[in-house]
Every structure is written in C-alpha cells, then in structure tokens.
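In: Output the structure for:
(2 chains)
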Protein chains: 2
Amino acid sequence: MGMVTEAEYRRISPADFFYRNRDIAGFSNPTRAVYSAIREFVENSLDACEAIQTPPEIYIRVTAKRPGPGTIPYSLLVYDNGCGVPSSKIPHCFGQVLFGSKYLLQQTRGTFGLGGTMAILYGQITTNTPAKILSSTGGKWVYEYKLFIHIERNEPIVLDGYPKRFGNKDGWHGTVVEICLTGDYPRAEPKVLEYLKRTAVTNPYATITLADPKGRLYRFRRVTTRVPKPPSPTKPHPHGVDVETLNRLIGLATREGCNDLLRFMTKYLHRVGKGTASRFLKVVGLPPDTDLRTLSPSDVVRLAEAMNRFDRFLPPKADCLSPLGAQLLRIGIEKELHPEFIATFNRRPSTYSGHPFIVEGAIAYGGNFPPGITLYRYANKIPLVYDEASDVSWKVVRELINWGRYRVRQDAPVAVITHICSTKIPY
Amino acid sequence: MGMVTEAEYRRISPADFFYRNRDIAGFSNPTRAVYSAIREFVENSLDACEAIQTPPEIYIRVTAKRPGPGTIPYSLLVYDNGCGVPSSKIPHCFGQVLFGSKYLLQQTRGTFGLGGTMAILYGQITTNTPAKILSSTGGKWVYEYKLFIHIERNEPIVLDGYPKRFGNKDGWHGTVVEICLTGDYPRAEPKVLEYLKRTAVTNPYATITLADPKGRLYRFRRVTTRVPKPPSPTKPHPHGVDVETLNRLIGLATREGCNDLLRFMTKYLHRVGKGTASRFLKVVGLPPDTDLRTLSPSDVVRLAEAMNRFDRFLPPKADCLSPLGAQLLRIGIEKELHPEFIATFNRRPSTYSGHPFIVEGAIAYGGNFPPGITLYRYANKIPLVYDEASDVSWKVVRELINWGRYRVRQDAPVAVITHICSTKIPY
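Out: The predicted model follows:
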C-alpha cells in the first residue's frame, strides 16, 4: 500500500507549552494576568526573605504606560530585601521556564514553581519589552540584567551590555524585578488588595507597600520582626515513594557508591532506622545486603508497594515545615481584621502519603469583615482565593458545623482562618 | 556582609513537571487515571484514522494483572487502523512529553496535545513496565518498540533488541499501544462507558470495541463509512496574532528570504490580500516596502495591536475546520440515543480572536436518556465531561431558556447536543 503519512511532528519547549496554555498558570485574561503577575513576584519575595530570616520589606509599584480605560500597558516593579539571586543564576531563574529553587522536596509558596518566569513571559508577549532584574546576595556587587525569554528554545536572551554591575558598599541584598505587561489594573485592583490583605494576615512580620497607578499608597505594616524559621528540604518518606522516586533514589545512591539495600534505606529515605529497615526487608523477602544494581524492575515495584503499606515506619517529622504558630497567627489576625475575640488552634503534625503536614487555624468574631461567616484559607502561608467551594474547610464551615448550637447567628461577623503547611499541597 | 545564599537551583524537564503535576493532565487518582489513559489513546486513534479518511476500527482491551478489589495493575491495549507512526518517530511520539503532531495551528482532539505520553508516563511510574508500541504506516514493515520515558531527561529509552520488525504483506496500517498501569477500573467503568457512548454519537463512522477485565464486550458499531474530511493546518489570522506569534512569523519569513513587509503580510498571514495589506499599512504609518529586519520591538507591538483592531481584514476561512455536518450528527444521535424526534442546526462559521469556529447542535426528544434535560457537550468531536456548569451552553439550557414556553415539562426526556470545532478551544 505504501501509504505516506503527512503528519508533521514537532517538539515544543516548556516555555512554548506555557505560552500556548498560559491559563493553566493564571494568565487567562488581562485582569487575571495583572493579579497573577503581582502574586508570583510577591510570593518569590516572601520566600527569598524567609530564607535568610529577614523581615520582608516588599514594595510593589504599578505604573500606567499610557492613559486609558481597558487593557493598557503597565510597568510592574517589585522590590524585596530577600536573599537575592547569584548573578550567574539570574538569566535562568528569570528567563527559563522550569528552572529555579522550588523543585526540592520542601514546603514552598506557589503552585507549580513557575515563579515569576510566567509573568515575565506574559509581559514579553504582550509588550515585547525585556524584563529588568537587579539583584545582590549581599556581596561586593549589585548586578543588573535585561533579558527576554527565547520562548521556542526556553532560553534566556540577555541583552547586549548586560549584566551591568554596581558597587554595593552597604551590603544590600535583595531583588528588584521590573516588567511591562498589558492588563486591566482597575479591574484587578480589588483582587490585588484582598490578596495583599490576606497575605498580611499570615505574614505579620512583613511590610508590604503597593503604589498604584494613581499614586495611592497602600501599606501593610509589620507588627513584629519575628520571622518563622524557614522550611528545609527533606528526604522522601517510604509511605510516599512511587516507582519513579525509588528509581531516582537508587540511581543517586549507586552513583554515590551506596549499593547495599539496607544502607540505602537508612540513608536515602526519611525516618528509616536500621532495625525498621531489617524488619521491612524480612517482610518483603529481600536480603539486607542485596546489591541495588541487581534489583529488577518488578523488584522495585514490589519494594515501592511494600513501602507504601508497611505500617511500622516512624511517621515523617514535621521539623522541615514552617508553620506560623499560634502567636504569629493571632498577631496577624489582630492587625488586619481587628476582631473583638480570637481563638487559635494548632494541630499536631500529621502525615498523608508520606508527606508531613500541619494544620493551624483560628476563629475570630466582631472584626472588620462582612456579616456572616467569612472563610480565610491558606496553604504554605499564601492565601487561596479560587475554588473555595471545593475545599474541605468550606464544607465543614458551611455544611457540617451547626452554628446555631453555638448560638452563632447566620449574620454574625465571624471569620474562620485555616492554614495547612506541607511538603505537598494537593491543589 | 558577604551573605551566601543557600538556595539550590535546579532545572526540571517537562516530563518531570508533568510527573509532579500529573493532575493537570487528568491523572489525579487511580480511577481518573484509567479513564484518562483510555481517553488519550482513543482520541489519538480517532485523529489517526481521520487523517487518512479511514473509518476507525478501535479496539480497547483492559486486563487485570492480578485479582483484587481496589487499585491493582491493569494492562491496557488500544488498537487502531489509523495512519500509523513512522518508525523513526515512534520513540519521541510515545517517549517524550511535548513532542507530537498536535502542535500546529489546526483543529485537533485533546486538551494539551500531551496525547498518550502522559498515560505511558503514568503507567511507568506505577508499574515500572515499558510501553509496547506496534505500528505501521502501511509500508513494507510493521515495527515494534518497547520503551520507557527517562523522566528526568524527557527522553525515550528504547529497550535493547528493539525495534523489531515484521513483514507487512497485507499493507496493514495503524497503531497498537499497550501499557501497564495501576488503577481502579470498576470505579472508572461508568465514566469510560459514558465517554465511549458520547464519542460514538459524534463519530458514527467509527466502530469502537471495549473488552473489559471480566471479558465483557461493549461494541459501538459504525452506521456509516462516511468520514468527514480531516482538518488542515492554517496560517494565523491578523486578528489573533500577538507579539510572540508575529515575531516568530517575521523570523520565519526572513529565514525564507522574504524581507518585505507588504509581501510578508500577504504570504504569512491568513486572508490578507495586497489591497488590504496596503490599506492597513497606510493606517499604521509604515511604508509597504519596510524591511522586516529593521522593525524595532515597539514597531512589532504596534503592528500586532493594529492587526488585532483593524476591521477590514476578511474573516478567517473555516475550510481548515472539520465539522460533523447535520447528516452525521443526526445519524450519530439516532444510533446511540434512539430518540423519537431530532432537530439539528449548523451555524455559519464565525470567528473569535482570529480563530475560526463552527457551532453545530441538535435537540432530541424521547430517547434512552434520563428524564429532564441532558446536555451533551462536544469540542472538536470529543465529549466534554467535566466542569459542565461553567459552560455557556449549560447556562443557556438551564437558566436562559424558558422551557415551559415551549411546553416542555421539567421531567421531559430531552437531550441537547452542542458541538464547537475550532483551531482554538478555550477549555
């Protein structure tokens, strides 16, 4: 028959994928884009400050590039006093999708770890203007880059003459990002302000200032300088591994010269001691001195499944997590919501599929929130604004709790605040 | 200060991104995974058959690899008689994310063009088993591959000894994919059957057979051999270009030796004649013989914005689209829903942001569907099952139409079928 297929095959880069599907990352329209861009940069900034235990000083400036209602070009600048990005990493951190510091097993802000790169990409495709990044890690120099993203190749294009460097006598550290993007700021503003207010609740140690296009200043002032200890990376817990993770760990171990199954388990998995590992391997029926390099694909499947099921591993430790704690939570609520009454609670760490998590929360009464029960949901210290109704806390608050039993009227000014922090948030 | 940042930077591959965020692609849990895997392969098969105007013969077999309720390993095999994949393309088509034939400006089935690769990836991370692909484009040989995806590198790993090849005396063409994945088939089955039934409505020229793990056969038989002409790739319409698209087209044109702005517009954009281009360039204030290589970034922005606004371009042609047509739609509805009455409608092609689209639909009464109004939604010939309530057709059917005015009772057995086909579906 000798039929010739005329299909044209093509490889697209991850940047191209997100260019084509930018709605996945929250850039679905000009209003949402402004909101998402601010949000991505602010969350990067908060993480960067927390990493070095510095009370965040974040400054956001939105400037219209030409007058007009509707969708127009804006300049968006976000300043922080965080850890900064080493000069050599700046092009990739800001000019390449799927590159960054958020791909470890660790509690981080943000959904996909795409960070500011999506905002830069969106700015570029709407205004054809390079992003400007100024950063220092506190060393001798401050570096300035101007760059585009080569979307088809997913590579940064640093403009001629960059990086520039400036002396850093005062040892400043932090990052300033500036992009141009088209958007509809007036329509985005209510969401932006609500987002910043909610962020201020769970980050009472941060001062966040927004200068809007009309020159109005909104300032969310810190009321404490106590910054919670940052989250730290952790090893995978056996209850959470799948075949891919196990294969990667085995590959890593053998590259590092560890070929012994028992030693592998104690060294590359979280909370597995020698005794537990021995007992586990007896159940699985593999000798403790099995050479990792001799494991067959089906052995690995068997190991992964058995690890998920074995109930004598110690639960994951939560010390890699960074909860707020009752005191900071209370301070944050007082400062932004001014209630007459607050009660907070902090659940003990628990675990789901090998991921540790901590739930903390509060209930407040009589503050400056609307009548009726308002739910403030947080994950890893960032507010969740969308899909409220599919959250279990919404179901509990709206459907399961009989508020009448507590003599809380339907229209009582009540706020319920929930915060979950974990190495994995199932968004 | 000389502060050292301890952030660890990392690049992850697109395959790794989707491994970490597999819920985006519909692989969020063992039930959904089975459904999504079947769906991805079936949609690839339908596209592959349509490409060569062959009435699809699709066979799906699901076999349990061990007994048990709950989540267990299954083998999933999908056979089609489509165009096949050339041997040299098989490893990348099936073993690399973001590679395929669905990244042109063209009407295609599926959401992200990830195709079967996500199903293969999911199978691999749950069962550590290679995917098996058998394919021929109708030439001398049938090729067989076994492969894994190297997720960290986003590369196929073809197993030793593959590809094998077999003589193809009969000129067979098509593809057979077989993977192992863990899932919960019994819980997925209702969704799978509903999906196949709905697919049969808009693909009445396809015979689709499902052999379930209990050996039961479900057959959706074709009732016609008339296959609609396949969609074809098209050029971008000026109303739909953004800066990135325009930059790419300009890059392509100059590489192909076209440096003249007027000629560029007529050759690389859809529906732009010489007269229209001249008038447009007069409005923009750029000479027709402007050398593309001298355009500044802000010129490109100005061009893109002006193109989006200029109202004298001809609307995009819809001949690149592949609607069903009233006759096939009627046949499909009759065959699967057996109503007493059908009325179909086909809207004239229209355009949104430079993308042509066609809406067609039908209303049926008294068939084997439940009492009350059932909505069957389709996009590019595939059924939409999720997020019904956010679809405009749902709002129209449930909220805007006063059915009482047409003497249709609340519990009347009515089905409303809507189909939109376009080069871009805003999911």
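In: Can I get whichever strand or helix holds A:Ser75 as CSV, trimmed to CA atoms?
Out: Taking DSSP states H and E as the criterion, A:Ser75 maps to strand A:72-80. The C-alpha coordinates for strand A:72-80 follow below in CSV (Å, rounded to 0.1, in the frame of the first residue of the first chain):
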residue,chain,number,x,y,z
ILE,A,72,-3.3,49.1,28.5
PRO,A,73,0.4,48.5,29.1
TYR,A,74,1.7,48.8,32.7
SER,A,75,5.1,48.8,34.2
LEU,A,76,5.2,46.5,37.3
LEU,A,77,8.1,46.7,39.7
VAL,A,78,8.5,44.5,42.8
TYR,A,79,11.4,45.2,45.2
ASP,A,80,12.4,42.9,48.1
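In: List the strands paired with it, with their directions.
Out: Sheet pairing here is set by DSSP bridges, and for strand A:72-80 it gives strand A:57-64 (antiparallel), strand A:173-183 (antiparallel).
In: Quick check: which of the ones you listed is buried the most?
Out: Of all the strands paired with strand A:72-80, strand A:173-183 carries the top mean neighbour count, a mean of 23, counting by mean count of other Cβ atoms under 10 Å in any protein chain shown. C-beta: built from backbone N, CA, C; applies to glycine.
In: ok, how many other residues are close to the closest residue to chain B within the stretch 151-300 of chain A?
Out: Residue nearest to chain B within the stretch 151-300 of chain A (Cβ to the nearest Cβ): A:Gly171, separated by 3.3 Å. Using other Cβ atoms under 10 Å in any protein chain shown, A:Gly171 has 13 neighbouring residues.
In: Low-confidence ranges, the stretch 51-200 of chain A, go.
Out: A:111-113 (pLDDT under 70).
In: So which bits of it are right by chain B?
Out: When proximity is defined as Cβ under 8 Å from any Cβ of the partner chain, the stretch 51-200 of chain A approaches chain B at A:51-52, A:83-86, A:89, A:92-93, A:96, A:98-101, A:103-104, A:112, A:124-129, A:137-139, A:151-152, A:171, A:173.
In: What helices and strands are in contact with the helix or strand encompassing A:Ile38?
Out: Taking DSSP H and E as the definition, A:Ile38 sits inside helix A:30-51. Contacts defined by 3 or more Cβ pairs under 8 Å, 6 or more residues apart in numbering or on different chains; DSSP states H and E place helix A:30-51 against strand A:57-64, strand A:72-80, helix A:117-127, strand A:173-183, helix A:185-202.
In: Go through these and name the closest to B:Phe357.
Out: Among the helices and strands packed on helix A:30-51, helix A:117-127 comes nearest to B:Phe357, with 22.4 Å by Cβ to Cβ.
In: ok now that closest one, how far from the chain's centre?
Out: Offset of helix A:117-127 from its chain centre (Cα atoms, centre = their mean, to the nearest Å): 19 Å.
In: now it and strand A:72-80, what's the angle there?
Out: Here helix A:117-127 runs at an angle of 150 degrees relative to strand A:72-80 (axes from the mean of the first three to the mean of the last three Cα atoms, to 10 degrees).
In: following helix A:117-127, which helix or strand comes up?
Out: Downstream of helix A:117-127, the first helix or strand assigned by DSSP H and E is strand A:131-137.
In: ok, then the element right after the helix or strand A:Lys395 falls within?
Out: Using DSSP H and E, A:Lys395 sits in helix A:392-395. As assigned by DSSP H and E, the chain's next helix or strand after helix A:392-395 is strand A:413-422.
In: Would you list the strands that that next one pairs with, along with their directions?
Out: Assessed with DSSP bridges, strand A:413-422 is paired to strand A:355-365 (antiparallel), strand A:372-379 (parallel).
In: buried ones in the last one?
Out: Counting neighbours by 16 or more other Cβ atoms under 10 Å in any protein chain shown, one finds that the buried residues in strand A:372-379 are A:Ile373, A:Thr374, A:Leu375, A:Tyr376, A:Arg377, A:Tyr378, A:Ala379.
In: Chain B: which of those is nearest?
Out: The shortest approach to chain B among these belongs to A:Ala379, at 15.0 Å (Cβ to the nearest Cβ).
In: Excluding chain neighbours, what is closest to that closest one?
Out: For A:Ala379, ignoring the flanking residues on the chain, the nearest one in space by Cβ to Cβ, 6 or more residues apart in numbering or on different chains is A:Ile425 at 4.6 Å.
In: Over to A:His355?
Out: Leaving aside its sequence neighbours, A:His355 sits nearest to A:Lys424 (Cβ to Cβ, 6+ apart; 4.4 Å).
In: Next, count neighbours for the one you found.
Out: Neighbour tally, A:Lys424, other Cβ under 10 Å: 16.
In: A:Gly68 now?
Out: 9.
In: what does the one 4 residues further on give?
Out: Counted with other Cβ under 10 Å, the neighbours of A:Ile72 add up to 17.
In: what do you get for A:Thr71?
Out: By other Cβ under 10 Å, 17 other residues sit near A:Thr71.
In: Distance-wise, check the closest residue to it other than its chain neighbours relative to chain B.
Out: Nearest non-adjacent residue to A:Thr71, counting by Cβ to Cβ, 6+ apart: A:Pro30, 4.2 Å away. Using Cβ to the nearest Cβ, to the nearest Å, A:Pro30 is found at 12 Å from chain B.
In: can you pull the contacts of A:Pro30?
Out: A:Thr71, A:Thr182, A:Gly183, A:Asp184, A:Arg187 (Cβ atoms under 8 Å, 6 or more residues apart in numbering or on different chains).
In: Which pair of those spans the longest distance?
Out: Greatest spatial distance in the contacts of A:Pro30: A:Thr182 and A:Arg187, 12.8 Å, computed using Cβ to Cβ.
In: which ones are touching A:Arg39?
Out: For A:Arg39, the contacting residues are A:Gly26, A:Tyr195, by Cβ under 8 Å, 6+ apart.
In: Read off the pLDDT value for it.
Out: Here the pLDDT value assigned to A:Arg39 is 95.
In: Same check on A:Gly2?
Out: The score at A:Gly2 is 36. That number is its pLDDT.
In: Number of residues surrounding the residue nearest to A:Met118 when sequence neighbours are not counted?
Out: In space, and not counting its chain neighbours, A:Met118 is closest to A:Ala25: 4.5 Å by Cβ to Cβ, 6+ apart. Neighbour count of A:Ala25, defined by other Cβ under 10 Å: 20.
In: ok, A:Ala25 to B:Tyr386 distance?
Out: Noted for A:Ala25: a distance of 19 Å to B:Tyr386, by Cβ to Cβ, to the nearest Å.
In: Please apply the same query to A:Leu210.
Out: Look at A:Leu210 and B:Tyr386: by Cβ to Cβ, they are 36 Å apart.
In: and the gap between A:Thr129 and A:Pro73?
Out: Counting by Cβ to Cβ, the gap from A:Thr129 to A:Pro73 is 8 Å.
In: Most proximal residue of the stretch 301-427 of chain A with respect to chain B?
Out: The nearest approach of the stretch 301-427 of chain A to chain B comes at A:Val301, 4.6 Å away (Cβ to the nearest Cβ).
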